[in-house]
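Trainee: what would the 3D arrangement of this be:
(chains A and B)
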Amino acid sequence: MIVIHMLCSLLSYAAFLAAFVSGILFLIQEWQLKHKHMGWFFHRLPALGTLDRINLASIGAGFGLLSLGLFFGMLGSRLLWGAWWRWDPKELLTLALWASYLGLWIVRLRSTLRGRKVALLSILGFLLVLLTCVGVSRWLPTWHPVL
Amino acid sequence: MHILVVGASHRSCPIEVRERLAFQAEQLPAAYAALRHELGFPEALILSTCNRVEIYAGVPDVNGTGDRIASFLSAHSRLPAGELAPQLYTHQEPSSVQHLFAVASGLDSMVLGESEILHQVKRAYELARMHGTTGKALNTLFQKALNTGKAVRARTTLGHGSISVGTVALELAQKIFGDLRPYTVLLVGAGKVGELTIKRLTERGVSRVQILNRSPERAALLAAQHGAQAFGMDELTARLVDADIVITSTSAPQALMSRADLDAIMPLRRHRPLCIVDLGVPRNVDPEAGQLENVYLFDVDDLQGLAAHHQAQRRQAVSESQRIIEQKIEHFLAWWHQEYQACAPSSSALAAAP
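Mentor: Predicted coordinates:
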């Protein structure tokens, strides 16, 4: 149970990393287009549309995997310690992360926001991922081991 | 073994001559058979593109080879040898090697740095191999030439950026959307520029084209010719909601679209990216509209500026490309000398032995 929980969580972080990277590349390529600058990056980076699709797919996949990770984590906690939820700082942050990416995904699917703003949000989202997966175990008391 | 090239290009002769010299695909089997059996070349390759016709030969003895190729070309083109001869060039290694490497890299092309030539050289090499007329010398030479062409493309800016306004616009649109085929193009203004643009777009497989014009008759006429849909100017807003790429080329004295118009349209488009190429002078679209999110606006000056910039960049990349080519030639010639010249004394010694 815990292995599935860890595997899903790690894979979701990887997907959010992909969204982060495609978001950064999107911003670079968009800057080139807006400033009419066909430089080194212009020729080497994929089209904005492609980066946007990678970003959307990564956010969707990451959100799905994080949901599974959360579910199996809660199940494991219930079986091992008898409690679904233990108000651990990492649990709280992960819940915030889950809610953020759910929000981002819905916003992008409904096309309320698109392009640069979504790219920026997926970059900010990844900072929250870093805080959740590395920062918590360093700076806050938690039941969770290193990652 | 020697490598000889005899040919004619856009630099040496006009198109009328190149047309006569060109080899059609169906003529190649007979031509290769003639080179092999009638002219007796152990290795031969025909490079025939719209800008050049060249015959590469790998022969043990150069004496008379150039003339034999020239008369072969004269017979093929049905041009008198005396008339054709001044328009042909002949190179023997090392300059035949230098020539091919420069050709494959796009340095000898009409449009400096164009990439099509690399595919054409590759195709010509594959065809020659298919006809069994390449051996160790030409195989190595052409593989190295293709490798050099690729290295120049990868390591320099020689092939970067389009140098005509039309292709710059297409390149920009492709960097926004990727494959343009599934997208809708809206042409505002059915003049000459518009017509040219439709042709270019349909060449790239764009099938959904809509034309808007002040006189609907003219729009309908152009639409009928190119399988597009025609609309009157009053439908501008509705069409803008649908379209992905908008090309405007009207002579309207005032802007047709203001920033506020487009700002209002973007939510209706669910913020899908909108690429606007404004070819009108005075401009058809308020330049401020380019600051809106997901709107990518380019005017004639932007396109011309980029085209000129690319032209300059290509010229700058020439010396860098030449350095790479020189290096590659040096490698090739080192191999060549080792392979053939080192062998030469031993083969003559062998011949003298009995």
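
Trainee: residue nearest the centroid of the chain?
Mentor: Since you didn't name a chain, this refers to chain A. Most central in chain A under C-alpha atoms, centre = their mean is A:F16, positioned 3.3 Å from the mean C-alpha point.

Trainee: hmm, I had chain B in mind actually
Mentor: Centre-nearest of chain B using C-alpha atoms, centre = their mean is B:E116, 3.7 Å out.

Trainee: report pLDDT for it.
Mentor: Predicted confidence (pLDDT) for B:E116: 82.

Trainee: same question, A:L97
Mentor: We have a pLDDT of 93 for A:L97.

Trainee: hang on, it packs against A:L65?
Mentor: No. The pair A:L97 and A:L65 fails to qualify as a contact (C-beta atoms under 8 Å) at a distance of 11.9 Å. From N, CA and C alone the C-beta is placed, and that goes for glycine too.

Trainee: so between these two, which is more surrounded?
Mentor: Each of A:L97 and A:L65 has its neighbours counted (other C-beta atoms under 10 Å in any protein chain shown); A:L97 has more, 24 against 20.

Trainee: farthest from the middle of chain A: give me that residue.
Mentor: Largest centre distance within chain A, by C-alpha atoms, centre = their mean: A:K36, 31.1 Å.

Trainee: isn't that one right next to B:D301, touching?
Mentor: No. Counting by C-beta under 8 Å, B:D301 is not a contact partner of A:K36; they are 9.3 Å apart.

Trainee: wouldn't B:R204 be in contact with B:L180 here?
Mentor: Yes. Applying C-beta under 8 Å, one finds B:R204 in contact with B:L180, separated by 5.7 Å.

Trainee: and the two? Which one has more around it.
Mentor: B:L180 (19 against 12).

Trainee: mind checking the SS state of the more buried one?
Mentor: Here B:L180 is coil, with the state taken from DSSP: H, G, I helix; E, B strand; the rest coil.

Trainee: any chance of the backbone angles for it?
Mentor: phi -80, psi -10 (degrees, to the nearest 10).

Trainee: look up how far chain A lies from the closest residue to it other than its chain neighbours.
Mentor: Leaving aside its chain neighbours, B:L180 sits nearest to B:V206 (5.3 Å; criterion: C-beta to C-beta, 6 or more residues apart in numbering or on different chains). As for B:V206, its distance to chain A is 15 Å (criterion: C-beta to the nearest C-beta, to the nearest Å).

Trainee: can you check the pLDDT for B:V206?
Mentor: Value listed for B:V206 in the pLDDT field: 87.

Trainee: repeat that for the one 5 residues further on.
Mentor: In the prediction, the pLDDT value recorded for B:I211 is 93.

Trainee: I'd guess it is in a strand, am I close?
Mentor: Yes. Looking at B:I211 with three-state DSSP, it is inside a strand.

Trainee: correct me, but it touches B:G232?
Mentor: No. The pair B:I211 / B:G232 is not scored as a contact, 10.4 Å apart, by C-beta under 8 Å.

Trainee: find residues that contact each of those two.
Mentor: B:A219 (C-beta atoms under 8 Å, 6 or more residues apart in numbering or on different chains).

Trainee: tell me the residues that contact both of B:R204 and B:L180, please.
Mentor: Joint contacts of B:R204 and B:L180 (C-beta under 8 Å, 6+ apart) are B:L170.

Trainee: can you name the residue of the stretch 51-200 of chain B nearest chain A?
Mentor: Relative to chain A, the nearest point of the stretch 51-200 of chain B is B:G178 (3.8 Å; C-beta to the nearest C-beta).

Trainee: tell me the secondary structure at the residue nearest to B:L180.
Mentor: Here B:V206 is recorded as coil under three-state DSSP.

Trainee: ok, now B:D61?
Mentor: With three-state DSSP as the criterion, B:D61 reads coil.

Trainee: contacting residues for it?
Mentor: Taking C-beta under 8 Å, 6+ apart, we find B:D61 in contact with B:H2.

Trainee: do you know the pLDDT at it?
Mentor: Among the per-residue scores, B:D61 shows a pLDDT of 88.

Trainee: ok, the one 10 residues further on next?
Mentor: You'll see B:S71 listed with a pLDDT of 93.

Trainee: what's the neighbour count on it?
Mentor: So B:S71, with other C-beta under 10 Å, has 14 neighbours.

Trainee: from B:G64, how far out is it?
Mentor: Noted for B:S71: a distance of 10 Å to B:G64, by C-beta to C-beta, to the nearest Å.

Trainee: do B:H37 as well
Mentor: 17 Å.

Trainee: what ranges do the helices span in the chain?
Mentor: Picking chain A for this. Secondary structure of chain A (DSSP state H): helices at A:2-34, A:40-44, A:48-81, A:89-109, A:116-130, A:136-139.

Trainee: was after chain B, sorry
Mentor: For chain B, the helices defined by DSSP H occupy B:15-21, B:28-33, B:65-77, B:81-84, B:95-104, B:116-130, B:136-155, B:165-177, B:192-203, B:216-226, B:236-242, B:259-268, B:300-336, B:343-352.

Trainee: let me know which of those helices is tucked in deepest.
Mentor: helix B:95-104 (a mean of 22; mean count of other C-beta atoms under 10 Å in any protein chain shown).

Trainee: what score does residue 129 have for pLDDT?
Mentor: Answering for chain A, as no chain was given. Here, the pLDDT recorded for A:V129 equals 91.

Trainee: could you do chain B instead?
Mentor: pLDDT at B:R129 comes out at 95.

Trainee: now do the same contact list for it.
Mentor: Contacts for B:R129 (C-beta under 8 Å, 6+ apart) come out as B:N139.
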